[in-house]
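**Student:** Provided below are the primary sequence and the corresponding predicted coordinates.
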Amino acid sequence: MEWTMVSLGLRERWQSVRSNWRHLAGGWAIGSLAWLAAISPLAALPPEEIARKLEAVPVFALTDAQGTPALIDVGNADGQRTTVARMFLNPQDAQEWLKRLQAGAVSSSSELRVNAIPLSAIYELLQKPSTEYQLQLIPDLEEVKLARELLALNQQPPEKLQGIPLFLVTASDGSAPTYVTVDRDGTEEIRFYMDRAQAEVVAKTFAEQNPELAATVQIQVVDFDEFLSVLSEREDEWLSRVRIIPSQNAQAFFETMGN
């Protein structure tokens, strides 16, 4: 395998949101849980607002000391070569990828390091695919496993999930299922969690605070691609209150990086 450096337009983007990201990634507290009953139509979210919602999610890539992502030339079972830029939601997966390159004596791989990039930058790149390399966003495989187990538990086909899972807590007052929200500075946020563990804490807390609804509390699995489609196509007011919560693992790793 060989690697090269290329400006994917990420370094400048990362510098512009780094301070805001640090603020957002400082930790997530569960506030008072409320019941969101009514949803009224408004307007679909513009691309720039979707990008802002993704800025707080760290993605981990191999970069040089200046933060420029590496392109890796890899082979497949058919003997063909493909140039890829791999981005990982699980930082340990990025570390393992780096170890594989170094163990394989890939040229100058000692110069590479694991660095963090906001998911918003990856989202922008995915809107305009390159013909020179393939951008690969690798999910946390453990969360994929947990999500498929949850789908089976909810009597849904596990293969329904084909990409990155998000976890959403819902309940029902006897009519249609409704989103469980979290109060943040007076705004009732609808939170999509990138790890099942955080969603389970919210579900447990809500059930304890609302025992009459406890039997209806569920954790739903949402495919990230479908989630983005809803943000960009639907015309619902509640979309402005949607927030993605990074996994605890990603948050903790990011805080140790000293960015």
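**Tutor:** Cool, got the structure. Numbers count the residues shown, from 1 in each chain.
**Student:** residue contacts, residue 167?
**Tutor:** Counting by C-beta atoms under 8 Å, 6 or more residues apart in numbering, residue 167 makes contact with 147, 150, 192-196, 198-199, 219-222. (Glycine included, C-beta is placed from N, CA and C.)
**Student:** quick one: which of the residues you listed is nearest to residue 257?
**Tutor:** Using C-beta to C-beta, residue 194 is the member of the contacts of residue 167 that sits closest to residue 257, with 17.8 Å.
**Student:** What count of nearby residues applies to residue 162?
**Tutor:** Residue 162 has 11 neighbours, counted by other C-beta atoms under 10 Å.
**Student:** And for it, nearest residue in space, chain neighbours not counted?
**Tutor:** Among residues not flanking residue 162 along the chain, residue 223 sits closest, at 6.5 Å (C-beta to C-beta, 6 or more residues apart in numbering).
**Student:** Just the pLDDT for that neighbour.
**Tutor:** pLDDT, residue 223: 90.
**Student:** just residue 259 next, same as before
**Tutor:** Per-residue confidence (pLDDT) for residue 259: 50.
**Student:** same thing with residue 100?
**Tutor:** Listed pLDDT for residue 100 reads 85.
**Student:** Can you report phi and psi for it?
**Tutor:** phi -60, psi -40 (degrees, to the nearest 10).
**Student:** Can you get me a residue count around it?
**Tutor:** Neighbours of residue 100 under the rule other C-beta under 10 Å: 13.
**Student:** ok, now residue 138?
**Tutor:** Close neighbours of residue 138, defined as other C-beta under 10 Å, add up to 16.
**Student:** Grab the nearest non-local neighbour of it.
**Tutor:** residue 88 (4.7 Å).
**Student:** If that neighbour is in a bridge, with which residues?
**Tutor:** As for beta bridges, residue 88 partners with residue 60, residue 138 under DSSP bridges.
**Student:** Let me see the contact set for it.
**Tutor:** Residue 88 is in contact with 59, 60, 61, 94, 97, 138, counting by C-beta under 8 Å, 6+ apart.
**Student:** Looking at those, point me to the pair that's furthest apart.
**Tutor:** Between any two of the contacts of residue 88 (C-beta to C-beta), the greatest distance is 13.0 Å, for 59 and 97.
**Student:** picking up where we left off before, specify the beta-bridge partners of the residue nearest to residue 162.
**Tutor:** residue 165.
**Student:** What distance do you get for it to residue 213?
**Tutor:** Distance from residue 223 to residue 213, counting by C-beta to C-beta, to the nearest Å: 26 Å.
**Student:** again with residue 64
**Tutor:** Distance, residue 64 to residue 213, using C-beta to C-beta: 52 Å.
**Student:** cool, residue 243 as well?
**Tutor:** 22 Å.
**Student:** any weak-confidence spans in the stretch 1-150 of the chain?
**Tutor:** Residue ranges of the stretch 1-150 of the chain with pLDDT under 70: 1-45, 75-77, 105-109.
**Student:** residue ranges of the strands in it, please?
**Tutor:** With strands called from DSSP state E, counting those that start in this stretch, the stretch 1-150 of the chain shows them at 2-5, 33-35, 58-63, 70-75, 81-88, 113-118, 134-138.
**Student:** Please tabulate those in CSV and include distance to residue 255 as additional columns.
**Tutor:** As requested, the strands of the stretch 1-150 of the chain are arranged in CSV below (distance: least, C-beta to C-beta, whole Å):
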stretch, distance to residue 255
strand 2-5, 27
strand 33-35, 26
strand 58-63, 10
strand 70-75, 24
strand 81-88, 17
strand 113-118, 10
strand 134-138, 21
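**Student:** Most tightly packed of those?
**Tutor:** Greatest average neighbour count among these goes to strand 58-63 (a mean of 24), per mean count of other C-beta atoms under 10 Å.
**Student:** how far does that strand sit from the chain's center?
**Tutor:** Strand 58-63 has its C-alpha centroid displaced from the chain centroid by 13 Å (C-alpha atoms, centre = their mean, to the nearest Å).
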